[in-house]
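S.K.: Any chance you can model this:
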Amino acid sequence: MEVRQVSEGIYEVICGTAHYKEVNKKIKELVKKGAQKIILKEVYGQRYIGTGIRGNVKIDIHGIAGNDLGIFLYGPEIEVLGNAQDGVGNTMMAGKIIVRGHAGDVCGYGMRGGKIYIEGDVGYRVGIHMKGYKDLIPTFIVGGKAGNFFGEYMAGGRLILLGLDKKPGEDIVGDYCATGMHGGVMYVRGEVPQRYLGKEVKVFEVNEEDMKILREELKGFSEAFNISVDEILSEPFVKIVPVSARPYGRMYAHRWGIASGVIK
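M.R.: Below you'll find the predicted structure:
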């Protein structure tokens, strides 16, 4: 691993085959040193980049970001010039993550705040257990399509699915979308077949207030990927919201009762 100072406050790190622990240790050292920008080059799937980092530092990643990119992130901005693996923004609190490519499964898990923008597609179980925290409202925007269980058990925040690369006749989302959802809101550009949705949610047309939210939230995505908000909004959106506060509460209680012997 090589490290060099490009200019005041800007450092370049050549990761190569360095172990992820070495890479993350060096990032934390540079942040503590007062780095304003860290450029990581030759990133080959190193995990946990940006874990728990606080402050205003910007981290650019050239290559493939490994699992749990930006886990517990608390303020910085991370930009990936390539694809990212699973767990992007896991339980992040604040900051921004931009991925100029595709991302894997379980991205935004338990996300409590901040913004995540994915240019391409995402895998399974993206946005599950998204929560929000106190006055924080997490926002996760996907430019492409999503796999199964999108927004599963979502409890708060905003999930926005655009399907900008969707081909005619291709579905924007997979099976079990919003299954168990009991909070937050999901906005989808285009149609979501009813057969893909959990029974605890309903689909509504967007109203004026929704359009204000969409226009505001899409500004960051628009700036990141150089696509106009008006172009994105040229296609109609639908809103998916839960109609039950605890959709599986009785089922869990019933199973507990059987397991404990209370119910026979």
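S.K.: Ignoring the adjacent residues along the chain, who's closest to Leu218?
M.R.: Val229 (4.8 Å; C-beta to C-beta, 6 or more residues apart in numbering). To be clear about C-beta, it is placed using only N, CA and C from the backbone, and glycine gets the same treatment.
S.K.: The one you found contacts Arg215, correct?
M.R.: Yes - under the criterion of C-beta atoms under 8 Å, Val229 makes contact with Arg215 at 6.0 Å.
S.K.: which ones are touching the residue nearest to Leu218?
M.R.: Applying C-beta atoms under 8 Å, 6 or more residues apart in numbering to Val229 gives the contacts Arg215, Leu218, Lys219, Ser222.
S.K.: And Val243, by the same measure?
M.R.: Taking C-beta under 8 Å, 6+ apart, one finds Glu200, Val201, Lys202 in contact with Val243.
S.K.: likewise Ile27?
M.R.: Contacts of Ile27 (C-beta under 8 Å, 6+ apart): Val13, Ile38, Leu40, Ile49, Gly50, Ile53, Ile59.
S.K.: Show me the beta-bridge partners of the last one.
M.R.: Yep, that's Ile59 we're talking about. When bridges are called by DSSP bridges, Ile59 pairs up with Ile38, Ile78.
S.K.: since we're on it, how many residues are nearby?
M.R.: 27 (other C-beta atoms under 10 Å).
S.K.: The fourth one too?
M.R.: Ile49 has 27 neighbours, counted by other C-beta under 10 Å.
S.K.: likewise the third one?
M.R.: Using other C-beta under 10 Å, Leu40 is surrounded by 25 other residues.
S.K.: Helix or strand: which one has it?
M.R.: Remark: Leu40 resides in strand 37-44, with elements defined by DSSP states H and E.
S.K.: quick one: stretch 28-43 to chain centroid distance?
M.R.: Offset of stretch 28-43 from its chain centre (C-alpha atoms, centre = their mean, to the nearest Å): 23 Å.
S.K.: next one: stretch 221-232
M.R.: Taking the mean of its C-alpha atoms, stretch 221-232 sits 18 Å from the chain's own mean (C-alpha atoms, centre = their mean).
S.K.: which of the residues in that stretch are buried?
M.R.: Phe221, Ser222, Ala224, Phe225, Ile227, Val229, Ile232 (16 or more other C-beta atoms under 10 Å).
S.K.: would the second one count as being in a helix?
M.R.: So the one you mean is Ser222. Yes - according to DSSP: H, G, I helix; E, B strand; the rest coil, Ser222 belongs to a helix.
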